[in-house]
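Novice: Build me a model:
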Amino acid sequence: MLSLAGWSVLIQASLAAIPSYVMQCAYLPGKILDGVDRVNRNFLWGSSDSAKKVNWVGWDKVTKSKEERGLRLHSAKGRNIALLAKLNWRFQIESEALWVKVLKMKYSIKRGRDIFNKGSRWLVGKDSGLNVWHSNWTNGGSLRKLIHGPITQEASFLEVKDIMLDTGWDWGKIPFEISLEIKRMIQAIPVTILSRGAGKLIWAGSPQGTFDLRSAYRLAMGNNMVFNKKNRNSSLALEIVRQALEYYHCVASPRLQTCKVLKGIRWERLPQGWMKLNTDGSANGNPGLAGCGGVIRNDAGQWVVGFSKCIDITSSFVAELWGLREGLILCCNLYITSLEIELDAKVIVDILNKPAYVNNIISPILDDCRLLASRIPQIRVKHCFRQANRCADSLARMSVSLDSVFSSFHSSPVDLLDVFEDDFNGVNVNKLCPEPDVPL
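Specialist: Take a look at the predicted model:
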């Protein structure tokens, strides 16, 4: 006999998958969708035409996610709409494909379009022809929903490319004052500065920016939790029980403790002729008010140039990439031929060392970083501990308090003088590090 979890796995693997082919191209009548749900529900609880059994939990609760104490089964209607939203997504992504052109000429795909519009947004480029007010190109949706009052006829035809500069935004093109919150939201949008293009479509519910059926289903069922970046606690009592069980497990079955040793961490100088770039990003919240900073030093440890940039509202991950791009721009402007990059964010180092890595959401900044790095003859990227990246960390933190959006420093700021001198003199900062395994 299978457990309830076993029955639910069989439903996901077979019964729920059988009608998926038809659901991808047609909106089924409500009677058929109810019938599919009835078959799945009877199979889960063991009911049949000859023997009816009690459904101990309502189907609307069973089809919720596990975070909401459900079994993560899909209702037929929600899955049908989510799959049609995927069809709308493919219509946009593969707009030049022959099959798309044929279907557009014969049919009008309306079902699933609302979910597609809610779940997707545009990543703008320098040649973007999207309407500033009515197109969905910001994290907050269309700007028209965020602005109260009328818009002049001339301003209503503004396109994104009309207010975009090479290194920022031209607020003077907008004939009225918009709020500081909206400006910050727009300024934090990743935009490529080295190439032109109209932009691309991304899916907001996916970390990679590609269509995600699970998030589309949640949106179709009226659950926006995956899109608002907040981890809501649906049951405080359940969380308390989980924490108590975790505590009991740790006390009753203690795991082997990892041996740690105290090590001295310091900023290391490079061989003659090499330059070192240290960058960092900082965000007061995730997302939150963010900034980045970095410093370039020569082989003798002397300060060449540093920078601080306020990015506004974004995540620390994007802030790290933004800081790397600003640092690489300075390196290219200085015609540096041998460069070592040090970051304390290992995930960024791993991404840069994997050319096949693709992420549509951060692609404008990531593509710029790869292109800038390719212009430097000798370059290597390394991970360092935060204790060896204190100058860049301090520059990133001070960026949100500076008067200008971007500031460059040809000598160490007064607030960083002690940290810079420690790096220059090779002063160690103690850190507990895992002890390396010693071969027997």
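
Novice: who's in contact with F176?
Specialist: If you count contacts by CB atoms under 8 Å, 6 or more residues apart in numbering, F176 has them with A155. For glycine as for every other residue, the C-beta is placed from the backbone atoms N, C-alpha and C.

Novice: tell me which element it is part of?
Specialist: Using DSSP states H and E, F176 maps to neither a helix nor a strand.

Novice: How about K118?
Specialist: helix 113-119.

Novice: Quick one: low-confidence residue ranges for the stretch 251-400 of the chain.
Specialist: Along the stretch 251-400 of the chain, segments meeting pLDDT under 70 span 251-258.

Novice: Helices of that one, start to end?
Specialist: Taking DSSP state H, counting those that start in this stretch as the criterion, the stretch 251-400 of the chain contains helices spanning 316-333, 346-352, 363-374, 390-398.

Novice: on that earlier part again, show me what the helix holding K118 is packed against.
Specialist: Taking 3 or more CB pairs under 8 Å, 6 or more residues apart in numbering; DSSP states H and E as contact, the helices and strands that helix 113-119 lies on are helix 76-93, helix 213-220.

Novice: roughly how far out does it sit from the chain middle?
Specialist: 19 Å (CA atoms, centre = their mean, to the nearest Å).

Novice: same thing with stretch 419-439?
Specialist: Put simply, stretch 419-439 sits 32 Å off its chain's centre (CA atoms, centre = their mean).

Novice: Show me what counts as buried in that stretch.
Specialist: Buried residues in stretch 419-439, counted by 16 or more other CB atoms under 10 Å: V419, F420, D422, D423, F424, V429.

Novice: Which of the residues you listed fall within strands?
Specialist: V429 (DSSP state E).

Novice: What is the nearest of the buried residues of stretch 419-439 to K61?
Specialist: V429 (52.7 Å; CB to CB).

Novice: if I pick the closest residue to the closest one other than its chain neighbours, what's in contact with it?
Specialist: Residue nearest to V429 in three dimensions, not counting chain neighbours: Q387, with 4.0 Å by CB to CB, 6 or more residues apart in numbering. For Q387, the contact set (CB under 8 Å, 6+ apart) comprises I265, R266, V429, K431.

Novice: Would you agree the second one is in contact with N430?
Specialist: The one in question is R266. No - at 10.4 Å, R266 does not count as touching N430 under the criterion of CB atoms under 8 Å.

Novice: still on that earlier bit, so which of the helices and strands packed on helix 113-119 gets nearest G168?
Specialist: Once those are compared by CB to CB, helix 76-93 is nearest, at 28.5 Å.

Novice: ok, residues contacting the next helix or strand after the closest one?
Specialist: As assigned by DSSP H and E, the chain's next helix or strand after helix 76-93 is helix 98-106. The set of residues external to helix 98-106 that reach it, using CB under 8 Å, 6+ apart, is R90, F91, E94, I109.

Novice: what angle sits between helix 98-106 and helix 76-93?
Specialist: 110 degrees (axes from the mean of the first three to the mean of the last three CA atoms, to 10 degrees).

Novice: gap between helix 98-106 and the chain center?
Specialist: Worked out by CA atoms, centre = their mean, helix 98-106 lies 33 Å from the chain centre.

Novice: between the buried residues of stretch 419-439, which is closest to G140?
Specialist: Among the buried residues of stretch 419-439, and counting by CB to CB, the member closest to G140 is V419, at 37.2 Å.
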